[in-house]
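Asker: can you look at this prediction? I've put the sequence above it.
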Amino acid sequence: MPNIQQNAVLKQSVGGKEIAPGAPIAKGTRVDLEVGDGLGNQEFPVPNLVNMPADEAMTLLAGQGLTVGEKFYQPAEEGQTEGTIVKQRPAPGPGTTIRMGQLVDLWIAGKEPVSAVE
């Protein structure tokens, strides 16, 4: 996975499900590791996500090798469409660059969606 930390374990999973570090597993269980490839030093302009629907913004970030950081939900103000990005960090701008694997925090207009309980 694109990440500046070459060979660092980013995620571990058993049977396709992510497990927490230190979680007990049976001896002999196959564990899949996702490691950083060290390519996080490739810089490119910060994408402008403002006014983009949140799901499209997250897909765009993943496609560019970036990671969604914190998601903050705030009431939509006049002229803002619910579910769209109203602010991001780092902010886009002339000469502002980002590296693959870095986090992008998002501020989203509207209420946080209720996730399904499994």
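Answerer: All right, it came through fine. Residues are numbered from 1 along each chain as shown.
Asker: what kind of secondary structure is A91 in?
Answerer: coil (DSSP: H, G, I helix; E, B strand; the rest coil).
Asker: that one: how many residues sit nearby?
Answerer: 12 (other CB atoms under 10 Å). (Glycine included, C-beta is placed from N, CA and C.)
Asker: in contact with it, which residues?
Answerer: V46 (CB atoms under 8 Å, 6 or more residues apart in numbering).
Asker: quick check, pLDDT for it.
Answerer: In this prediction, A91 carries a pLDDT score of 96.
Asker: before we move on, what about L66?
Answerer: 90.
Asker: partner residues bridging the residue sitting nearest the centre point of the chain?
Answerer: Nearest residue to the geometric centre of the chain (CA atoms, centre = their mean): V68, 2.0 Å. For V68, the beta-bridge partners are V104 (DSSP bridges).
Asker: now it: how far from T29?
Answerer: 29 Å (CB to CB, to the nearest Å).
Asker: swap in P75?
Answerer: Where T29 is concerned, P75 sits at a distance of 46 Å (CB to CB).
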